[in-house]
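Colleague: Next input, structure requested:
(chains A and B)
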Amino acid sequence: MNITRVDFKKMWGPGLLLIILVLLATLSLHASTYTVILLTSILMYVVMTVSWVIFSAPTGYISLAPAAFFGVGIYTSAILGNKLPLPIVIFVGGLASFCLALLVGALTLRLKGIYFAMFTFGLVELIKHLLLWYEIKFTGTRGRFVIVVDNNTIYHVMLIILVALLLIAYLIRRSRFGLALQSIGENEDAAAHTGINVNALKTIAFAISAVFVGAAGAIMATRWTYIDPYIAFNPLFSFMPVLMAIFGGMRRFYGPILGAAIFAYLEEILITRFPYYYMLIFGTILVVTILYLPDGLIGLIQKVQRRISGGQHANT
Amino acid sequence: MPILEGEGVTKYFGGLAAVSSVDFSVYQGEVVGLIGPNGAGKTTLFNLISGALVPQSGAVKFKAENIAGLKPHRICKKGVARTFQSVKIFANMPALENTLLGALFGKPNNTAAADALREATELLEFVGLSAARATPAKDLTLANQKRLEVARALATKPELLLLDELMAGLNPTEVAQAMELVTRIRDRGITVFMIEHVMKAIMSVCDRIMVLHHGVKIAEGTPQEIATSKTVVEVYLGE
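Modeller: As a prediction, the model looks like this:
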C-alpha cells in the first residue's frame, strides 16, 4: 500500500509539471501583453529560487550571492547585447556567472554558516561598487542602455531557461551527486571521511546554481532597457530566493517552485491593488509563514492531506 | 612490513603538544588498542592518521606511502576508514543511505549504483541493522548509530579501520555485541586500530596495546604486559 502511494506521487509531480509547462509555452498565443510580462517575472523568480535551492537546501550553506550572479548576467547583456546574437549573449551570461561562482566558491566555501552568508552578501556589494567606480572613472557614465527584445521572446527564453534548470535540478536531486550534497549538509566531517571531496562538490554545486541565475539576468536586462549597478546588483535579488524557498518549503522538489510562483504573484497583486499597504501586508504574510508554517506551503499541504486521509499517517 | 606506521608524529595546539613524536606501527590483520587517560591525545592521533588534522612534523605511512597532509577523502579512498568518538552520522538520512554513501564514494574507483546498494544492504546485515534500513539515523539508539558508523566505514572497503571509542556509552550487553563485531571485522581481513576505555573489551579483543599519556607513548605490548606494567598503572591510578 505504501508502495502504490509513493508511485502515485512520483507520477503525479512530473506529470502535472509537464502539463503546466505545455500550457505556459503556448500561452503567449492568446494572452495579453500584461499577462506575458507578469508571467516572465514569475518565471524569473522561480528560476532564481530553484537555482538557490540546488546548492543551499541540501548543503545548508545559506548563499546570499544570487544578486551578484544576476547582476553579472545583466551586465553581460548590457556589454555584449548589441554585438552578439541573443542566444550567445544569454549563454555567455550564464558562463560568466558560472566562472565567478567557481572562483568565489573555491576561495570561500571553507567558511561555515553565517560567515559564508555574510561573505556572499559582501560579494554583491563589492562587485556593485567596483563596477560603479569603473563606470564613472573610465566610461564616464553611471548606467548603460540594453538592446530591446520583444516581450514574447523574453518570455519564451525565460521558459527555456526554467525547463533546463528544472531538468538539471531534478537530475541532481536524484543522483549520487545530490546524495553527497545532502550528506555534506548533514555532517561535513563525516562526508569527508566517507570519501567525498567536499570542497570540490560544494564548489561545483555553487557554480551550477549560478549558471541559470546569470542567464536569467542576461535576458531580463533586455526588458529593463536601462540598467546601472544599483539596478543590476539589487540586494533584493539575494533575499527573494531565500524567502521564496522558505515560503514554499524545501522538503519536496515542487516546494520552491510553488513558493516562488505564489510569492511573486502575491507581490504583483499587492503592488497593484494596495500600493500603500503593500509592504505591510507582505511583511505580515512572511512573518505568519515563518512562525506557523516552518515547512512552508508544502508542510501545510501535507498537513491537510493527513487530515483528509483520516490520521492514517499519525505520528507513532 | 607494517600496514600503518607513524614516525615522530607531532601535533601542537598552540603551545600544547597534543601528540609529541609518537612512533607506532600496526601490522596487517592485527587488532591494536590505543588507551590513555582523557586528554592523552588518542583522538588527535586518529585525526592525524585520517587527515582531519595535519601533523607539524613526522610521517604517517600507510602501506609504505606517506599520507600525512592528504585530504580526508583521499585517505579514505586509499583504504583507511574511521568512526568518531561522538557519532557523526547523516542524521536525517535512512540507515541504508548512510551506508550507501560509503559504498558510492569511499572506494578508489567508481562503483555502479546497483553494486553499491547490494554492498550497503549486505553490510547493514553484517552489523545487524537490516531491520532499521529505512529508519532515519537520528532515530536509532546510540549503540545502533555506532554500528551504522561502522557499516558506513566498512562500505568504503578499508584495509585499516580506526574505531574511536566504539563502546563508550553502551550497556554491558551492547559492549559484548560490539566486541563480537570487532572480532568479525578482523575475520574479514581488516586491520583494526581502536581507542577504547572499556578495559574488559580492550584486554580481550586486542592483540597489542599502545598507551598514550600527555601526547607521549609510554608503553606498548600485549594485554598482559600492559595490565601489569607499573608505568601504566601509575598513569591511571596515581602513584
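Colleague: Which strands or helices does the strand or helix carrying residue A:166 pack on?
Modeller: Here residue A:166, judged by DSSP states H and E, is contained in helix A:151-174. Helix A:151-174 sits against helix A:2-27, helix A:33-59, helix A:86-108, helix A:198-224, with contacts defined as 3 or more CB pairs under 8 Å, 6 or more residues apart in numbering or on different chains; DSSP states H and E. Every residue, glycine included, has its C-beta placed from N, CA and C.
Colleague: Pull out the buried positions in the shortest one.
Modeller: Translated: helix A:86-108. Neighbour counts over helix A:86-108 (16 or more other CB atoms under 10 Å in any protein chain shown) mark A:86, A:89-98, A:100-102, A:104-105, A:108 as buried.
Colleague: and if you look at the last one?
Modeller: By neighbour count, with 16+ other CB under 10 Å as the criterion, the buried positions of helix A:198-224 are A:198-199, A:201-223.
Colleague: and chain B, which of these contact it?
Modeller: Intersecting the buried residues of helix A:198-224 with the contacts of chain B gives residue A:198 (criterion: CB under 8 Å from any CB of the partner chain).
Colleague: about what we covered before: right, and the helices and strands packed on helix A:151-174 - which one's nearest residue B:34?
Modeller: helix A:198-224 (26.9 Å; CB to CB).
Colleague: Are stretch A:291-300 and chain B in contact anywhere?
Modeller: No. Stretch A:291-300 is not in contact with chain B by CB under 8 Å from any CB; minimum separation 13.2 Å.
Colleague: For that stretch, list the C-alpha coordinates in CSV.
Modeller: Taking C-alpha atoms only, stretch A:291-300 is exported to CSV below (Å, rounded to 0.1, in the frame of the first residue of the first chain):
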residue,chain,number,x,y,z
LEU,A,291,6.0,31.4,12.6
TYR,A,292,3.3,29.0,11.8
LEU,A,293,4.4,27.1,8.7
PRO,A,294,8.0,26.1,9.4
ASP,A,295,7.9,23.7,6.5
GLY,A,296,6.3,26.3,4.2
LEU,A,297,3.4,25.7,1.9
ILE,A,298,4.5,22.1,1.4
GLY,A,299,4.2,21.5,5.1
LEU,A,300,0.7,23.0,5.0
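Colleague: for it, which positions count as buried?
Modeller: Buried residues in stretch A:291-300, counted by 16+ other CB under 10 Å: A:293, A:295, A:296, A:297, A:298, A:299.
Colleague: what do you get for stretch B:103-117?
Modeller: So, applying 16+ other CB under 10 Å, buried residues of stretch B:103-117: B:103, B:104, B:105, B:106, B:107, B:111, B:116, B:117.
Colleague: Quick check: chain neighbours aside, which residue is closest to the fifth one?
Modeller: In this case it means residue B:107. Leaving out its chain neighbours, the residue that sits closest to residue B:107 by CB to CB, 6 or more residues apart in numbering or on different chains is residue B:157, at 5.2 Å.
Colleague: does the one you found count as helix, strand or coil?
Modeller: coil (DSSP: H, G, I helix; E, B strand; the rest coil).
Colleague: Residue B:77 is in contact with that one, correct?
Modeller: No. Contact criterion CB atoms under 8 Å: residue B:157 and residue B:77 do not qualify, at 9.5 Å.
Colleague: Can you pull the residues that touch both of these two?
Modeller: Residues touching both residue B:157 and residue B:77 (CB atoms under 8 Å, 6 or more residues apart in numbering or on different chains): B:106, B:107.
Colleague: what about residue B:104, helix or strand, and which?
Modeller: According to DSSP H and E, residue B:104 maps onto helix B:95-105.
Colleague: and whichever helix or strand comes after that helix, what's its mean pLDDT?
Modeller: Per DSSP H and E, helix B:95-105 leads on to helix B:113-127 as the next helix or strand towards the C-terminus. Here helix B:113-127 scores 94 as its mean pLDDT.
Colleague: Which secondary structure elements does helix B:113-127 sit against?
Modeller: Counting contacts by 3+ CB pairs under 8 Å, 6+ apart, helix B:113-127 packs against helix B:95-105, helix B:142-155.
Colleague: Of all the ones you listed, which one comes closest to residue B:18?
Modeller: So among these, helix B:142-155 is nearest, using CB to CB, at 23.4 Å.
Colleague: Is that closest one positioned near chain A?
Modeller: Yes. Helix B:142-155 comes into contact with chain A (CB under 8 Å from any CB), by way of B:152, B:153.
Colleague: If residue B:65 is in a bridge, with which residues?
Modeller: Beta-bridge pairing of residue B:65 under DSSP bridges involves residue B:62.
Colleague: Tally up the residues packed near it, please.
Modeller: Neighbourhood size, residue B:65 [other CB atoms under 10 Å in any protein chain shown]: 10.
Colleague: end-to-end on stretch A:106-119?
Modeller: 13 Å (CA to CA, to the nearest Å).
Colleague: From the chain's centre, how far out is stretch A:281-297? Work that out for me.
Modeller: 19 Å (CA atoms, centre = their mean, to the nearest Å).
Colleague: scratch that, stretch A:68-86 is what I was asking about
Modeller: From the chain centre to the centre of stretch A:68-86 is a distance of 18 Å (CA atoms, centre = their mean).
Colleague: Enumerate the positions of it that are buried.
Modeller: In stretch A:68-86, counting by 16+ other CB under 10 Å, buried: A:68-78, A:80-81, A:86.
Colleague: can you give me the helices in chain B?
Modeller: Under the criterion DSSP state H, helices of chain B are mapped to B:42-50, B:72-78, B:95-105, B:113-127, B:142-155, B:172-187, B:199-205, B:223-228, B:230-237.
Colleague: picking that back up, what's the most distant pair in the buried residues of stretch A:68-86?
Modeller: Pairwise over the buried residues of stretch A:68-86, using CB to CB, the maximum falls at A:68 and A:86, 22.8 Å.
Colleague: returning to what we had before: which one of the buried residues of stretch A:291-300 is nearest chain B?
Modeller: residue A:295 (13.2 Å; CB to the nearest CB).
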